[in-house]
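> for reference, the sequence and a predicted model appear below.
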Protein chains: 8
Amino acid sequence: MTFRNGLDSLLRPEDSVLVMIDHQPYQLANVNSHDPQAVVNNTTALAKAAKVFNVPTILTSVIAGRGGLLFKHLTEVFPGQEVIDRTFINTWQDSKVVDAVKATGRKQLIIAGLWTEVCVAMPAIQAAGEGWDVTVITDASGGTSVEAHQVAIQRMIGAGINMMTWLAIAAEWQRDWAREETAAALTDVIIEHAGGSGIAYLWEQQLLNTPVQAASRVGL
Amino acid sequence: MTFRNGLDSLLRPEDSVLVMIDHQPYQLANVNSHDPQAVVNNTTALAKAAKVFNVPTILTSVIAGRGGLLFKHLTEVFPGQEVIDRTFINTWQDSKVVDAVKATGRKQLIIAGLWTEVCVAMPAIQAAGEGWDVTVITDASGGTSVEAHQVAIQRMIGAGINMMTWLAIAAEWQRDWAREETAAALTDVIIEHAGGSGIAYLWEQQLLNTPVQAASRVGL
Amino acid sequence: MTFRNGLDSLLRPEDSVLVMIDHQPYQLANVNSHDPQAVVNNTTALAKAAKVFNVPTILTSVIAGRGGLLFKHLTEVFPGQEVIDRTFINTWQDSKVVDAVKATGRKQLIIAGLWTEVCVAMPAIQAAGEGWDVTVITDASGGTSVEAHQVAIQRMIGAGINMMTWLAIAAEWQRDWAREETAAALTDVIIEHAGGSGIAYLWEQQLLNTPVQAASRVGL
Amino acid sequence: MTFRNGLDSLLRPEDSVLVMIDHQPYQLANVNSHDPQAVVNNTTALAKAAKVFNVPTILTSVIAGRGGLLFKHLTEVFPGQEVIDRTFINTWQDSKVVDAVKATGRKQLIIAGLWTEVCVAMPAIQAAGEGWDVTVITDASGGTSVEAHQVAIQRMIGAGINMMTWLAIAAEWQRDWAREETAAALTDVIIEHAGGSGIAYLWEQQLLNTPVQAASRVGL
Amino acid sequence: MTFRNGLDSLLRPEDSVLVMIDHQPYQLANVNSHDPQAVVNNTTALAKAAKVFNVPTILTSVIAGRGGLLFKHLTEVFPGQEVIDRTFINTWQDSKVVDAVKATGRKQLIIAGLWTEVCVAMPAIQAAGEGWDVTVITDASGGTSVEAHQVAIQRMIGAGINMMTWLAIAAEWQRDWAREETAAALTDVIIEHAGGSGIAYLWEQQLLNTPVQAASRVGL
Amino acid sequence: MTFRNGLDSLLRPEDSVLVMIDHQPYQLANVNSHDPQAVVNNTTALAKAAKVFNVPTILTSVIAGRGGLLFKHLTEVFPGQEVIDRTFINTWQDSKVVDAVKATGRKQLIIAGLWTEVCVAMPAIQAAGEGWDVTVITDASGGTSVEAHQVAIQRMIGAGINMMTWLAIAAEWQRDWAREETAAALTDVIIEHAGGSGIAYLWEQQLLNTPVQAASRVGL
Amino acid sequence: MTFRNGLDSLLRPEDSVLVMIDHQPYQLANVNSHDPQAVVNNTTALAKAAKVFNVPTILTSVIAGRGGLLFKHLTEVFPGQEVIDRTFINTWQDSKVVDAVKATGRKQLIIAGLWTEVCVAMPAIQAAGEGWDVTVITDASGGTSVEAHQVAIQRMIGAGINMMTWLAIAAEWQRDWAREETAAALTDVIIEHAGGSGIAYLWEQQLLNTPVQAASRVGL
Amino acid sequence: MTFRNGLDSLLRPEDSVLVMIDHQPYQLANVNSHDPQAVVNNTTALAKAAKVFNVPTILTSVIAGRGGLLFKHLTEVFPGQEVIDRTFINTWQDSKVVDAVKATGRKQLIIAGLWTEVCVAMPAIQAAGEGWDVTVITDASGGTSVEAHQVAIQRMIGAGINMMTWLAIAAEWQRDWAREETAAALTDVIIEHAGGSGIAYLWEQQLLNTPVQAASRVGL
């Protein structure tokens, strides 16, 4: 076991591949670790950020004919893209998904899904054992209880898996604001899905476009 | 003091008027009672619900040239509508806003704003003293601390003001699912802004549109 | 406004009538104020306690053909009993339910349901205004957020409604352990649904049935 | 009982008098309802705000020779002002303090102190009974436990006392940003003691003083 | 409804009577609102404080032969005193207890017990309706869940009952540190049961008994 | 130290053996890390899941004649099965239990018990040192405080032990919904003990068995 | 790095030595991670447990002439024992303490103290680097904030230090209830300091000494 | 991987270098893991402590012309010092900052910044991989959510980075109160920024300077 550090350990768009697992109604109905609206928001934001950086994204569901289709908020980010439906609970034992990931030729494997302790933990742990550099996005995932979510995170850390949150990976992919080809599109994602920063940005732009004048009060 | 109860005390679209106060960047930057993304989401949802039921909505800001324009998520719900800008911190001491409310002829006054303990509390308390039937939507508001938000709610209750949350008032305006003229539009608001229910609804529709067949497992 | 106190304000089985509202899958899918398993447990426990004391119980759902049937854990307590299905979100505007309650001739009206801020608040507030002595069982109810649940409770308190929890009302109905005709059946409910007390009771019974002997250690 | 509402119920600088009670080391050592640094910060901020609006402020301690002098952060706001030392735990039974308050001729009595459940609750409750319009600033106070603090607040609400937080009363005293004679000084208090807003204000001023130019990125 | 305020509303030793209800093992086994060690500590502290001020204290249990004797920590404060055992869950319907209270001739009735929502709420609500001035000590009580405890407190407030915590009532009984006949004994209670204050006191005494010398560092 | 990952590290029914330790009244009476009803529910659910997958389960208690028999909710899952009673607090130093585990020939050792920091931690740590692949089910265990529970979990992680929750292990045993021989029985466990998912499943089945028709509303 | 597991890794009285650091008034006055009464209680309980098992205990303070003597609750457990006073904040750089520990010839070094992040962390980390088998008792320690306490625990875990709580180590020292020479004395510690267990024990003893009889109710 | 322990692992002023990253308005506006006033307070305190011990401190911002200047509370600690402005989000990829750090010749690299999961995590992880001994000050940092902050801390621990809080590092730098050349200046920092300790210190000094006299009460 070695520490996971150094510049190479940071995530790069050109080496990343994202797998979104089972963001379906049946699963969301028993997520108790996060506010469900936040799960939908963060899931959509992660998918849009991946698209901004051209990170290939695999979408997969489990028996969608019964448990429901992936949230349309998510599938609408990738119009016309196939969703791989499985019977295996452990995504990494389904060859269609694994083949799709391998076809990208990338080794930084990023996973988010419902539930953290089941549909995220199993493929993440198996893939880590097979040599993938696995990162789980915890706030685009969710568990059946706070304890289930947190215990699963600790289990995955013990399996050598890296934990991040959606805004952190988006910023790590961007890395430098001088990379103008993605900065504007990422800004749009932040305005829509990271309210605290998006609205501060809109304010910044408004004020920068205001001619200089005297100003003396605190606008409570 | 009398109890606020009975069928008449429930909120009706035809008697309601909504005032949205100071949902601006300067204020959001120091909201510490709620997640800022949730404040933006709930604020937008409340505005859209008011629009579904034709509830007149007054938008107002305080010195927007400095503290920033209202969230565009909110103003885009009402394209072209004027936002009344004030210097008064207490909205109810600004005659432009009060006149706009009075012009609607309605007496069920609904208020949401930032911050709960300042920009919501003052007009709500003053208006209640002048005979208005005031309701505050707490989850489309926010304070500078959890304590500030909660203490302000208790102060307003002590002033005879009614407290609700956005999904509750939307359902109270709908009242009966047999009222089909608003049900579909309200559904769209819920799908976009109340993830836990919106996605359950999409699942419900998918399954109801699935031909009957044998089904025997739990889709974890 | 007068204080709600005195011996008469306590709940008695012979004056009580219980209405269980919308304990359905669509609603449970977006309960975020309580653990869903606890909602199912407490709902079932409340229903069983009512049965122990012969408190008439009305079961009602809203458009069950779409939003799902009442939890079977609940309906199985009352085999064969009709569930009144409604389109009205506000139960108290549905004459079938109100007539069923009035037919019991009782005035202590007890309500539990999903969600607290919608399907519980509206009928409770309306009925309180019409002179009913209304009690809401908060832990057999649930809201779409902690804030929604709590704000609704404060609104109902402001409407003169009494708040209780399921084990409290069960004990208040029992009132005296010398009332042996109900003590044994209530014990069974507690063993099944109030683990902390039920298992302490089983231990008490085991030890009381053990011949007296010396005992000197702390069994950690 | 009547509701406490209407424009007259809002706090005005010219009618306010502030009493700061027992912000001493012995008391702070067992404050467990708030972070002690926050108590010191909020207490100082409240005192400075009172000074901005010329609200007369009485400082009082209990047996300071043993329990320690008032925080110097607080006394330094009022250089040379006498601190009234008492043996009475209940400040309102000490004629020196009451006479000092009466000498101001004001009736909006504002109290903050340590501990909420002892040194704040007793005088607040007594004064309310003698006809004073009493407001307690909860976040410039603190109790020996969260429970003790909250229970005392509920007790005082039941005594007809108004609850606020320090930033709320400062904004209520200001009322209108067009009142320029106090706006600048209040701004300084906010910069020093309400970081979330103070730093947003400094940013606002910086940007308003920046010449207009093109700007296109989100500065994460 | 009138406010409960004014000097007369504060608690005085000579007008107080305390009833301690069902602090028994069966009840403690299902207290989930407080740490059980804290319940034992606070209960004992309240009893000792009552003894310091000669406040008559009635001890009562329910079917102690089965549910267990009162904590010995509590009974040992009053050696040889009878514990009134009941079958009634509602203490106020047991004439032995009510007669014992009436025999004291006092009207400030203080209650603590397990559980808050059952054994405290019923007698408190009934007695309040019969004209007693009732105070409940919440931190020497406890409920089967946080929700059950809090909902019961709100119900009792709605019945006109006063809420306090043990250290608050002890200080209110003392009222003035110049009352030397009780100060020393109360100090002993605080040293034993309110660590944060008791230990600060011991430090203070040590320092006051140290000859004056220069001191210039912060002893971290 | 190596990471615990790869497909082999996932749990399989045919390699698993479960030991349930000291789910007794004395222990439950001082569990303060979880709601006691949840402990009973999760414990029973884990036992039933083990039975579904034919995972051999050893039941053991410590001095049951004094501390009480295992919860009947648990023993009733295995009618007639012997419960091994011990004096050793550390189960793994009792040869009867260890021999029973060894007799199964399985190496994936799963442990749940009361209390996490005592009766779970000692055998888990010892067994891990002897080469067993140990997994602890945290939500079917419980400690005397939140801190004691969490510190024990960190200690066990430091001993190389795997942490999971009951629904996660049940899904990991199932692994693929195409394994029909266990899917139906697992569904029954989920309906009874994982309310959020069980009731969503019942809804799914109801809707799938509803003939297709037009549907257009949100059933709030 | 190797896992810390196996039978040898459990704590034994004959190999243990305990160091209690800076349980002084000055430090306690700014403990905000735990209730101070709980710190006093747990500290005393740990000391008494060590005494029961003849575990040598070193007591040490920092500049007690200014920051106050060790809590007398703690020193009274060891009448007449010297308290080593230091100027070094890091105990392990004071040769008097280290020599005293080495003189015991024991290698299982147990540390508790105030504050976790300062006076506990430094010696624990240094000693671990010098080959001691270090265990920290977190609930007999305390930090200046919850965050400071928790971050320090994570830092120490990263240094290879074992974390436990007081009741866990007491039980591990006892190991087997058949060891009668310490069982009774440990019982007394638990009755005094672990209310939830102590009172359950007293009940158990009472019931075991009650003649057999029929019993059929739940004593709420 | 080896444990990070031993005397050498403690932080020394002469080997430390501090980098303060992006404490700017845009970032603070979306900090949701800490109270913003506490972030400002802790950031300023850390900077002042570094100055007391002559620890070289690098200040850096990201596109300050848009996202705002560093808090003036921070820059005023180092009058006239250059702030290095970057476009790189990852500070460690900006050669100006890295060169400034290398120029100090020190290897104990201490980092604090906004946000924890972005501007702190990236340079800390990269530098750790390049052989620096990295420590992050968590309470002078902050993230966009509690989850983002905590997950980032876990990620950095997995990268071999040391976590501390501001008061802990200040005490570790001081190490021995006999080092009088820094003790007084550190005292001033504590009085201003660590209220619980600063005010206890002022009390200590006051009492030590009080002539010896009898004292017999507890000053509540």
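Yep, it's here.

> just give me the neighbour total for the one residue in chain A that gets nearest to chain C.
Across chain A, no residue is closer to chain C than residue A:29, which sits at 3.9 Å (CB to the nearest CB). For the C-beta atoms, the positions are set from N, CA and C on the backbone; glycine is no exception. By the criterion of other CB atoms under 10 Å in any protein chain shown, residue A:29 has 29 neighbours.

> from residue F:190, how far out is the closest residue to residue A:146 other than its chain neighbours?
Once flanking residues are discounted, residue A:146 sits nearest to residue A:33: 5.0 Å by CB to CB, 6 or more residues apart in numbering or on different chains. Distance, residue A:33 to residue F:190, by CB to CB, to the nearest Å: 18 Å.

> before we move on, back to that, just the pLDDT at the residue of chain A closest to chain C, thanks.
Model confidence at residue A:29, given as pLDDT, is 95.

> repeat that for residue A:195.
Confidence score, pLDDT, at residue A:195: 86.

> now do the contacts for residue A:97.
Counting by CB atoms under 8 Å, 6 or more residues apart in numbering or on different chains, residue A:97 makes contact with A:19, A:58, A:60, A:84, A:86, A:91.

> do that again at 6 Å, thanks
A:60, A:84, A:91 (CB atoms under 6 Å, 6 or more residues apart in numbering or on different chains).

> now check the longest helix seen in chain A, is it near chain B?
Secondary structure assigned by DSSP state H gives helix A:36-52 as the longest helix of chain A. Yes: for helix A:36-52, a contact with chain B is found by CB under 6 Å from any CB of the partner chain, at A:36-37, A:40.

> partner strands of whatever helix or strand comes next after that helix, parallel or antiparallel?
With elements assigned by DSSP states H and E, the helix or strand that comes after helix A:36-52 is strand A:57-62. In the sheet, strand A:57-62 lines up against strand A:16-21 (parallel), strand A:83-86 (parallel) (DSSP bridges).

> contacts for the last one, please.
With contacts defined as CB under 6 Å, 6+ apart, strand A:83-86 is touched by A:59-62, A:64, A:70, A:94, A:96-97.

> go back to the residues of helix A:36-52 next to chain B and keep what's next to chain D.
Of the residues of helix A:36-52 next to chain B, not one also sits near chain D (CB under 6 Å from any CB).

> so where's chain A shaky on pLDDT?
Applying pLDDT under 70 to chain A flags the ranges A:1, A:214-220.

> nearest to chain F: which residue in it?
residue A:129 (2.3 Å).

> pretty sure that residue is in contact with residue F:3, am I right?
No: applying CB atoms under 6 Å as the test, residue A:129 and residue F:3 come out as separate, 7.8 Å apart.

> need phi/psi at the residue of chain A closest to chain C.
Backbone torsions of residue A:29, given as degrees, to the nearest 10, read phi -60, psi -20.

> dump the residue contacts of it.
C:29, F:200.

> how does it look with 10 Å?
Neighbour list for residue A:29: A:36, A:67-68, A:114, B:196, B:199-200, B:203, C:25-26, C:28-31, C:36, F:196-197, F:199-201, F:203-204 [criterion: CB atoms under 10 Å, 6 or more residues apart in numbering or on different chains].

> cool, and residue A:17?
A:50, A:55-58, A:100-111, A:132.

> would you map the strands across chain A?
Counting by DSSP state E, one finds strands in chain A at the ranges A:16-21, A:57-62, A:83-86, A:108-113, A:133-137, A:162-164.

> hmm, back to that, quick check: ChimeraX command selecting the buried ones in the contacts of strand A:83-86.
With 16 or more other CB atoms under 10 Å in any protein chain shown as the criterion, this ChimeraX line picks the buried residues out of these:
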select /A:59,60,61,62,64,70,94,97
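
> picking that back up, for residue H:146, see how far away the residue nearest to residue A:146 is.
12 Å.
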